[in-house]
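K.L.:
Predicted model, plus sequence, below.
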Amino acid sequence: MSMIKKPVWLLLICLLLLTAGGFLYWKFSRPLPRNAPVVSTWPAIGPTASPNVPPTLTPEAPFPGESATKKENAAPETAFTLRQGETLNYNANIPKLNSTVANLRIIAAEKRGSVGKASWHLQAFAHTENPYRMVFALDDQFDSYSDAGSMTSLQYEMHLNERGEKVDSVERLLSSAHDPAPMGTSAARVLPGTRDPLGMLEYLRSVDWGHTVEVRSPVYDGHKLYDVRAVLVGKSAAVSVPAGNFNATKIEIHVLDNGTEMKDAHFLLYLANDGTRLPVLMEAVLPVATARVELTESK
């Protein structure tokens, strides 16, 4: 990878962290998505399962809300409640470069009815900062419609504007092989309980980490299914970001593709230890640098 491409690669790592687990990093090597027929990500059951389906995403694997470890039971109901209109602003930066690469925003836009269910409309916006816009101009928007109770994904949208190329992708997530794709909308057939990256972030905020050491969920990033494991590694981490000083729960995120964990980056999420459960810091520890997404303001 040439020197000019390294900041772009690291930027995508930051954006990946914005969406809770890191899926935009791996799309760097793929073309931008096009509106297409039904996505073939439905995991068949039994010995005829498609080779493209991660073996860890079979129905026998733990579903969201179930602990992947037997040491503790699944998390009970918690007091956390997502606030309508909550707006979180972040700077994505590379400490080695002493520079902010992008500004990021996550919004809990509204609680509404969607696809016949109560759901949250979640949004994320990412914009490259100067001078990196000269290398990689990026103005992306992501929209998630996630079940209000479980944060499982009902619909996921990507409205991308990268290097002057615009792509709009709107996909309804279907958990049954028998459900037809809605008229005029592409569909991704996924496991029951699948979350998109934004829904996964909000789900992790709702987990009672005082009684849970690990959770696991299938996550669809707009391209394919991944198996995501979030593991508690610390209950009282001191975090200093532009928004202030926080005592935070430290969570390590593992992303598995086809049953194999992606080893080229190490992901950490820090949640404030108060009723807001704010994601105050997200990090990707890479072979060449550490990318940080730091909370600058919450409204």
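P.N.:
That came in fine, so what should we check first? Numbers count the residues shown, from 1 in each chain.

K.L.:
Could you measure from the closest residue to Ser153 other than its chain neighbours over to Ser169?
P.N.:
Using CB to CB, 6 or more residues apart in numbering and skipping residues adjacent in sequence, the residue nearest Ser153 is Asp196, 4.1 Å away. Glycine gets a C-beta too; all of them are placed from N, C-alpha and C. From Asp196 across to Ser169, the span is 12 Å (CB to CB, to the nearest Å).

K.L.:
More neighbours: the two, which one.
P.N.:
Each of Asp196 and Ser169 has its neighbours counted (other CB atoms under 10 Å); Asp196 has more, 32 against 18.

K.L.:
that older thread, anything in contact with each of Asp196 and Ser169?
P.N.:
Gly222 (CB atoms under 8 Å, 6 or more residues apart in numbering).

K.L.:
about what we covered before: quick one: residues contacting the residue nearest to Ser153.
P.N.:
Counted by CB under 8 Å, 6+ apart, Asp196 has contacts Ser144, Ser146, Ser153, Tyr156, Leu173, Val219, Tyr220, Asp221, Gly222.

K.L.:
So which of those residues is the closest to Val228?
P.N.:
Val228 lies nearest to Val219 out of those, by CB to CB, at 4.7 Å.

K.L.:
and that closest one, that's in a strand?
P.N.:
Yes: assessed with DSSP: H, G, I helix; E, B strand; the rest coil, Val219 lies in a strand.

K.L.:
thought Asp221 was touching Pro197?
P.N.:
Yes: between Asp221 and Pro197 there is a contact under CB atoms under 8 Å: 6.0 Å.

K.L.:
In the protein, which residue is most central in space?
P.N.:
Pro197 (2.4 Å; CA atoms, centre = their mean).

K.L.:
so what pLDDT did that residue get?
P.N.:
For Pro197, the pLDDT comes out at 91.

K.L.:
got it, and Asn130?
P.N.:
Looking at Asn130, its pLDDT reads 83.

K.L.:
Against Thr100, how distant is it?
P.N.:
10 Å.

K.L.:
Please identify which of the two sits among more neighbours.
P.N.:
Thr100 (19 against 8).

K.L.:
In which helix or strand does that one reside?
P.N.:
Per DSSP states H and E: Thr100 is located in strand 99-114.

K.L.:
and Ser146, bridged to which residues?
P.N.:
Trp120, Ser153 (DSSP bridges).

K.L.:
can you pull the contacts of it?
P.N.:
With CB under 8 Å, 6+ apart, Ser146 has these contacts: Ser119, Trp120, Leu122, Thr152, Ser153, Leu154, Arg195, Asp196, Leu198, Gly199, Glu202.

K.L.:
Phe267 against Ala284, yeah?
P.N.:
Yes: if you go by CB under 8 Å, Phe267 and Ala284 touch, sitting 5.6 Å apart.

K.L.:
Pull out the buried positions in stretch 153-167.
P.N.:
By neighbour count on 16 or more other CB atoms under 10 Å, the buried set for stretch 153-167 is Ser153, Leu154, Gln155, Tyr156, Glu157, Met158, Leu160, Asn161, Glu162.

K.L.:
who touches it?
P.N.:
Outside stretch 153-167, the residues touching it (CB under 8 Å, 6+ apart) are 32-34, 114-115, 117, 119, 136-147, 168-173, 188, 190, 194-196, 199, 220, 222.

K.L.:
Of the residues you listed, keep whichever come out buried.
P.N.:
Counted by 16+ other CB under 10 Å, those give 33, 114, 119, 136, 138, 140-147, 169-173, 188, 190, 194-196, 199, 220, 222 as buried.

K.L.:
Out of the residues you listed, name the ones that lie in strands.
P.N.:
Using DSSP state E, the members of these that fall in strands are 114, 119, 140-147, 169-173, 188, 220.

K.L.:
measure the nearest residue to Leu232 once chain neighbours are set aside to Arg229 for me?
P.N.:
Excluding its sequence neighbours, the residue lying closest to Leu232 (CB to CB, 6+ apart) is Val213, at 4.8 Å. Distance, Val213 to Arg229, by CB to CB: 11 Å.

K.L.:
These two - which one has more neighbours?
P.N.:
Arg229 (19 against 15).
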